[in-house]
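**Student:** Pasting a predicted model and its sequence here:
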Amino acid sequence: MGRVRRRAHDARLAPGVAERMVTAAMANPFREKQPPPRRPGGAARPAVLMLAVVDAILADLRLPDAMFVGRRAESGDAYSVVIQTGEDGRHRVPVNFDSLETFMAAAQAHLSDVYGRPVPRCPPHGHALVGRVRDGAPEWVCPAGEWRCPVGDYEERSWPPEGGAGDLAAVYCRRLARRGIKGWHTLGFSRRDGRWVAEVAIWPMDPAVIATLTQAAAPFPVVVEADPGPRLHRIVV
Ligand SMILES: [Zn+2]
């Protein structure tokens, strides 16, 4: 249960525009010291940069190992974006980049409705976080003022996620990707003596890789298995 084979998992994530945009948003485009130049048409920021923020917001609102959530790139216009959930769910949300908080609340309300639970979840309290823009930077804030994180960082900062082995494995997999860790080919989580343990098969047994695997899994321990993994054999007929 919950075991992820690396190649299959990457393939499953490949269509997720939001997945790529998390990486883009980690550059924190809103945190530039100098504001982007105002363009002749009056647009304060390039539209593509704004859509990267929209995608990062949607990625933060997505549950770890569930259905696809992302923006339908071909269905949006200058005033709205279409949120795709699963195969068939499509919901148009107005977007006004002068009022990003309004978009954050609308996208949050829609996805909380789709999931039947508040997202994104406040790690210490379990209630919904609130989308705010502070000094030009969008962030998720605990209403009690006890937790916050920049948009685009929710999954990284809220580790470990709620849920079962599949949720842990999916998020752990993305944590390794963000750290540029290669050299593993399967991972999973299992219960041992009442607590979760990460199990990772790697090859070669590189101490630097093992150290990063351990750091990324904390507070859970990691059991590393030396396994060269599946090999391809030429079939001669
Ligand atoms: Zn809270």
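**Tutor:** It's in. Numbers count the residues shown, from 1 in each chain.
**Student:** Now Pro150: closest residue in space, sequence neighbours ignored.
**Tutor:** Glu139 (5.1 Å; CB to CB, 6 or more residues apart in numbering). Every C-beta, even on glycine, is put in place using the N, C-alpha and C of the backbone.
**Student:** Which neighbouring elements make contact with the helix or strand hosting the one you found?
**Tutor:** Using DSSP states H and E, Glu139 maps to strand 137-141. Strand 137-141 sits against helix 47-61, helix 100-115, strand 130-134, strand 148-150, with contacts defined as 3 or more CB pairs under 8 Å, 6 or more residues apart in numbering; DSSP states H and E.
**Student:** ok, and does that strand reach over to the ion?
**Tutor:** No. Strand 137-141 lies apart from the ion when judged by CB under 5 Å from the ion; the minimum separation is 8.6 Å.
**Student:** List the neighbours of that strand that are in contact with it.
**Tutor:** 28, 30-31, 53, 57, 60, 100-101, 104, 120, 129-133, 147-151, 154 (CB atoms under 8 Å, 6 or more residues apart in numbering).
**Student:** so Leu51 touches Arg72, yeah?
**Tutor:** No. Applying CB atoms under 8 Å as the test, Leu51 and Arg72 come out as separate, 11.6 Å apart.
**Student:** Identify the contacts common to these two.
**Tutor:** Common neighbours of Leu51 and Arg72 (CB under 8 Å, 6+ apart) are Val81.
**Student:** Have a look at those two and say which one is more surrounded.
**Tutor:** Per other CB atoms under 10 Å, whichever of Leu51 and Arg72 has more neighbours is Leu51, with 19 against 14.
**Student:** now that one: how far from the ion?
**Tutor:** From Leu51 across to the ion, the span is 29 Å (CB to the ion, to the nearest Å).
**Student:** quick one, what contacts the nearest residue in space to that residue that is not next to it in sequence?
**Tutor:** Leaving out its chain neighbours, the residue that sits closest to Leu51 by CB to CB, 6+ apart is Arg71, at 7.2 Å. Arg71 makes contacts with Val17, Ala18, Leu51, Val54, Asp55, Leu58, Val81, Val82, Ile83, Gln84, as judged by CB under 8 Å, 6+ apart.
**Student:** Same question for Asp98.
**Tutor:** Counting by CB under 8 Å, 6+ apart, Asp98 has no contacts.
**Student:** Does it lie in a helix or a strand, and which?
**Tutor:** Secondary structure from DSSP H and E places Asp98 outside every helix and strand.
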